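# Here you go, sequence then predicted model.
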Amino acid sequence: MRALKLHELTLADRLADLAVDALIDEADLSPKPALVDRRGNGAHDDLHLGLMHASALSLWPMFKQMAEAALEFGEVGLPLREALGRLGREGEQAMLATTGGVNTHRGAIWALGLLTAAAALDSRNVTLNAARLALLNDRFAPRPMSHGAQVARRYGARGAREEAQLGFPSVIQRGLPQLRKSRLQNAGEQNARLDALLAIMTELADTCVLYRAGPEGLRTMQRGAQAVLNAGGSATLAGRRHLHALDTQLLALNASPGGAADLLAACLFIDRLDGAL
C-alpha cells in the first residue's frame, strides 16, 4: 500500500486534522491550573493525558463527517444543523466507547464540531456561521440537560450553547488577542497558549468550575488568572508564581476549568485555519 500523500487530503480531512491537533495540543499544554496536562491529572480522578489523546483521536471521523456534511448542504440551515447534531451524538458514543464511559470531550464536540462545519462552509466567516448554526434548534436532540446547562441556569451564567450562539466571544475577544499579543512579546508558543487560556479564564463563567466549586471557585479562577496576566504572563517569574498559586487554589477547591480548556482548543483551531487552508 502506498503512503498517503499530503496533496491527496481533502478539505474535510484537513479540517478534521486541525480539530484533533487542537485538542491534543490543549491537553499537552503545561502547566495548566487544575487541568490534565503533562504533569498529571489535575483535579480529575478519572482522566489522564493518554486518555485525552485517545479521546481526541476517536473524534477524527466525526469531525471529517461534519465537514463533509457542511460541504454537501452548502449553507447554514436546519438540515445541516440536524445532521451535525446526529453526527455529534454518534461521535460522543465513539468517545465514550474509547474512554470507558468517561466524558473527556463533550464540550469540545459541540464547539469544535460547529467550527469545523463552519470552516468547511467559509473559512473567512467561521464564528459567524458557527453562531448561526448554534441558534438553530435540533428537533432530534435529547432533552435532558447537561451538568453545564443545569449550572448555567442555576447561576444565570452563559453556558457552552450561548457562547457558541454569540460567536465565541471568549475566544475572539480574549483568547486570540492574548495569544497574538504574547507571541509579539516573544513569550514563546507554549507561554502564549497558556496566556490565551488565562485570558479566557478571566471573564468566562466556566460551568465546569461552577458545578464543582460554585461561585467561590469561579471567583478564584477569574481573579487568579487575571493576577498571572497582570504580573506579566506565564513567561515571567512573577507570572509563573501566580500561576502556581492559582493551580494550588483550584486543586484545593477541586475546581477544573474544563470550559476554558474547550475554548482554548477552539482558539487554537481558529488561529491555524488561515495557514492550514
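Perfect, thanks for sending it. Numbering: from 1, shown residues only.
# How about the contacts made by the residue lying closest to Arg38 once chain neighbours are set aside?
Leaving out its chain neighbours, the residue that sits closest to Arg38 by C-beta to C-beta, 6 or more residues apart in numbering is Ser30, at 4.3 Å. Yep, even glycine has a C-beta here, placed from its N, CA and C like the rest. With contacts defined as C-beta atoms under 8 Å, 6 or more residues apart in numbering, Ser30 is in contact with Asp37, Arg38, Arg39, Gln190.
# which one of these is nearest Glu162?
Asp37 (27.5 Å; C-beta to C-beta).
# Looking at strand pairing, list the partners for that closest one.
Beta-bridge pairing for Asp37 (DSSP bridges): Gly40.
# ok, now which ones touch it?
Asp37 sits in contact with Ala27, Asp28, Leu29, Ser30, Pro31, Leu49, where contact means C-beta under 8 Å, 6+ apart.
# Go again with 7 Å.
With contacts defined as C-beta atoms under 7 Å, 6 or more residues apart in numbering, Asp37 is in contact with Asp28, Leu29, Ser30, Pro31, Leu49.
# one step back: any chance of TSV for the contacts of Ser30, columns distance to Val228 and pLDDT?
Supplementary listing: these in TSV, determined by distance: C-beta to C-beta, whole Å; pLDDT from 0 to 100:
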residue	distance to Val228	pLDDT
Asp37	16	95
Arg38	19	94
Arg39	17	95
Gln190	14	98
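# what's the farthest-apart pair in these?
Maximum distance among the contacts of Ser30 (C-beta to C-beta): 13.2 Å, for Arg39 and Gln190.
# out of these two, which sits in the more crowded spot?
Gln190 (15 against 12; other C-beta atoms under 10 Å).
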